[in-house]
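A.B. asks: Model the structure of this input:
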Amino acid sequence: MALTLLTVSFGVFLLFGMPVAFAIGLSCLLTFAFEGLPFETAIQMMVSGMNVFSFLAIPFFIFSGELMLHGGIADKIVNFARSLVGHWKGGLGLANVVASTLFGGVSGSPVADTSAMGGVMIPVMVKEGYGADYAVNVTTHASLSGALMPTSHNMIIYAFAAQAAAGEIGGHVIRGVSIGDLMFAGLIPVFWIMVCMLVAAYWQAARYGYPRRPDGTTAVERFPGWGAVLRTFIAAIPGLMVIVIILFCVMEGVATATEAAAIAVTYSLILTVFVYRTMSRKNLFKSLAKASKTTGVILLLIGVSNMLRYQMAYLEIPDTIEAALLTATTTPWIMLLYINIIQIFLGIFLDMAAHILITTPLFLPLAIQMGVGPVQFGMMLLLNCALGLVHPPVGTVQFIGCAIGKISIGEATKTAWPYYLAIFIAITLVTYVPAFSTWLPSLITGHVVL
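C.D. replies: Numbering: from 1, shown residues only. So this is what the prediction gives:
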């Protein structure tokens, strides 16, 4: 009965349009009251969930991304991408993919990436003869790479959610997950996603004849020369260096992930205020306000999700789900398929942070039984969560892109299937080819990463 109350109340609150954090918190409190458990325990769980030192990395990574967003870094990355591939068929679309991927590594946030790249590229693409749906889909789907980049605060959230992971795979003992391993694990999947997005963008541009003038003729930019490519690349290097700095600090043991995030903020401030001199006082305050708001939302989600985790453990929900899935199949590849299908379905309704915090303790122990380590599972989970960002009804990233492009979600969704396919291919590779996400961190760190 308590389990029914928890799930039904949570679903009802969501249907009424209540924010996910409040829906989780209120459904947990109702269940606590029904079971006669003290509310003090709920508050303790909520506070202890947020009171984790490593979570200091979250506001730092978010603030660094906001500084890059409002400090003019996006324009320099766009100029480089446009000079590199802008002369190909569908050149602005291809430049958008490259620029969105690169800026995703700088911001670590698909939402910030879409806001920056969409604000710059979507109006320009529409003006120069590209369909608004094409411009929106290229921007929003390419921006998902930010979820897997080293600057992604979602990796910190997953590392916290997976800290209780334990087990053994092939004689290797698993205890939690390393944030450094996660940072390197996302690089190859991100590169693959970019390649698939480039193929999809090129194919659609060729199919619809983009860019297309009002008279029906097509126009393609001229190649500006390798000198221009080199100049724009040099101009973009300082902004892209934030990725290198974070990876170097973590790889060489110079700093922890939290300290590396603080270094990223310092570097971003110096770059935007003193080097590029593009950061105004207004934009600095805007970056602070936006980072504070986003951090508050995420920490609230972490707190109420920890309350939910306590409730799930008390009601033995993970054991129940594990037993149900093991009853359905014990074949590893089918089990992983089931987990992915469930994750994709949940991603339609849950925000990314809530999705990570709720589902990690449910499915990670089962994945370890199937031979999937916490790093590989983390990449699976982050990709599934990222897909939810471009899928209605919650699709935050898609809503932002459509608002910039001034089209409806329905219009954008009709032509989005090649980009969905690219993400599905990446999810499949990460799920069934462990080396796709574990080879690079194993090579760099010198120990086996699972």
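A.B. asks: Start from the N-terminal end of the stretch 201-350 of the chain and give the helices.
C.D. replies: Taking DSSP state H, counting those that start in this stretch to define them, one finds helices in the stretch 201-350 of the chain at 226-251, 257-269, 281-314, 317-328, 332-347.
A.B. asks: With adjacent residues omitted, what lies nearest to Pro332?
C.D. replies: Met370 (4.3 Å; CB to CB, 6 or more residues apart in numbering). C-beta coordinates here come from the backbone N, C-alpha and C atoms, glycine included.
A.B. asks: Just confirm Leu362 is within a helix.
C.D. replies: Yes: under the criterion used here (DSSP: H, G, I helix; E, B strand; the rest coil), Leu362 sits inside a helix.
A.B. asks: one step back: tell me the contacts of the residue nearest to Pro332?
C.D. replies: Going by CB atoms under 8 Å, 6 or more residues apart in numbering, Met370 touches 332, 335-336.
A.B. asks: got the CA coordinates for the helix or strand hosting Phe191 in PDB?
C.D. replies: Element membership for Phe191, per DSSP states H and E: helix 187-208. In PDB, the C-alpha atoms belonging to helix 187-208 read as follows (Å, rounded to 0.1, in the frame of the first residue of the first chain):
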ATOM      1  CA  LEU A 187      35.100  11.600 -25.000                       C
ATOM      2  CA  ILE A 188      34.800   8.800 -27.600                       C
ATOM      3  CA  PRO A 189      31.000   8.600 -27.400                       C
ATOM      4  CA  VAL A 190      30.900  12.400 -27.900                       C
ATOM      5  CA  PHE A 191      33.100  12.200 -30.900                       C
ATOM      6  CA  TRP A 192      30.900   9.400 -32.400                       C
ATOM      7  CA  ILE A 193      27.800  11.500 -31.700                       C
ATOM      8  CA  MET A 194      29.300  14.400 -33.500                       C
ATOM      9  CA  VAL A 195      30.200  12.200 -36.600                       C
ATOM     10  CA  CYS A 196      26.700  10.800 -36.700                       C
ATOM     11  CA  MET A 197      25.200  14.300 -36.400                       C
ATOM     12  CA  LEU A 198      27.400  15.500 -39.200                       C
ATOM     13  CA  VAL A 199      26.100  12.700 -41.400                       C
ATOM     14  CA  ALA A 200      22.500  13.400 -40.500                       C
ATOM     15  CA  ALA A 201      22.900  17.100 -41.100                       C
ATOM     16  CA  TYR A 202      24.600  16.600 -44.400                       C
ATOM     17  CA  TRP A 203      22.000  14.100 -45.600                       C
ATOM     18  CA  GLN A 204      19.100  16.300 -44.700                       C
ATOM     19  CA  ALA A 205      20.700  19.400 -46.300                       C
ATOM     20  CA  ALA A 206      21.200  17.400 -49.500                       C
ATOM     21  CA  ARG A 207      17.700  16.000 -49.400                       C
ATOM     22  CA  TYR A 208      16.000  19.400 -49.000                       C
END
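A.B. asks: Now do the same contact list for the residue nearest the centre of the chain.
C.D. replies: The geometric centre of the chain, computed from its C-alpha atoms, lies nearest to Ala147 (CA atoms, centre = their mean), at 2.1 Å. Contact analysis of Ala147 by CB under 8 Å, 6+ apart lists 104, 109-110, 154, 352, 382-383, 385-386, 389.
A.B. asks: circling back to that earlier point, if I look at the residue nearest to Pro332, what pLDDT would I see?
C.D. replies: Here, the pLDDT recorded for Met370 equals 86.
A.B. asks: And for the one 5 residues further on?
C.D. replies: In this model, Val375 is scored at 90, pLDDT.
A.B. asks: what helices or strands is the helix or strand harbouring it leaning on?
C.D. replies: Take DSSP H and E as the rule and Val375 turns out to sit in helix 374-388. When contacts are defined as 3 or more CB pairs under 8 Å, 6 or more residues apart in numbering; DSSP states H and E, helix 374-388 packs onto helix 153-161, helix 179-185, helix 332-347, helix 352-369, helix 417-432, helix 435-445.
A.B. asks: Contacts for the first one, please.
C.D. replies: Read that as helix 153-161. With CB under 8 Å, 6+ apart as the test, helix 153-161 has contacts from 52, 54-55, 57-58, 61-62, 108-109, 147-148, 176-179, 182-183, 186, 257, 298, 302, 352-353, 356-357, 360-361, 364, 378, 381-382, 385.
A.B. asks: just the buried members of those?
C.D. replies: Buried members of the contacts of helix 153-161, counted by 16 or more other CB atoms under 10 Å: 55, 57-58, 61-62, 108-109, 147-148, 177-179, 182-183, 186, 257, 298, 302, 352-353, 356-357, 360-361, 364, 378, 381-382, 385.
A.B. asks: Show me which of the contacts of Ala147 is closest to His70.
C.D. replies: Of all these, Ser109 has the smallest distance to His70: 13.0 Å, by CB to CB.
A.B. asks: I'd say that closest one and Leu144 touch.
C.D. replies: No: using CB atoms under 8 Å, Ser109 makes no contact with Leu144, being 10.5 Å away.
A.B. asks: tell me the contacts of Val375?
C.D. replies: In this structure, Val375 makes contact with 177-178, 181-182, 185, 437-438, 441, 449-450, judged by CB under 8 Å, 6+ apart.
A.B. asks: With Ser27 instead?
C.D. replies: 5-6, 9-10, 13.
A.B. asks: out of those residues, which is most surrounded?
C.D. replies: Leu6 (23 neighbours; other CB atoms under 10 Å).
A.B. asks: That one: what's its closest spatial neighbour, skipping adjacent residues?
C.D. replies: Leu6 sits nearest to Thr31 (CB to CB, 6+ apart), 4.6 Å away.
A.B. asks: Give me the phi and psi for Met18.
C.D. replies: In terms of degrees, to the nearest 10, the main-chain angles of Met18 are phi -70, psi 140.
A.B. asks: quick one: Val254 from Leu440, how far?
C.D. replies: In this view, Val254 and Leu440 are 20 Å apart by CB to CB, to the nearest Å.
A.B. asks: Counting neighbours, go ahead and name the busier of those two.
C.D. replies: Neighbour count, other CB under 10 Å: between Val254 and Leu440, Leu440 has more, with 19 against 12.
A.B. asks: ok, now which ones touch that one?
C.D. replies: Taking CB under 8 Å, 6+ apart as the test, what Leu440 contacts is 184-185, 187-188.
A.B. asks: which of those residues has the most neighbours?
C.D. replies: Among the contacts of Leu440, Ala185 has the most neighbours (other CB under 10 Å), with 28 neighbours.
A.B. asks: average pLDDT for stretch 412-420?
C.D. replies: Stretch 412-420 comes out with an average pLDDT of 85.
A.B. asks: So which bits of it are buried?
C.D. replies: Going by 16+ other CB under 10 Å, stretch 412-420 has these buried residues: 412-413, 415-416, 418-420.
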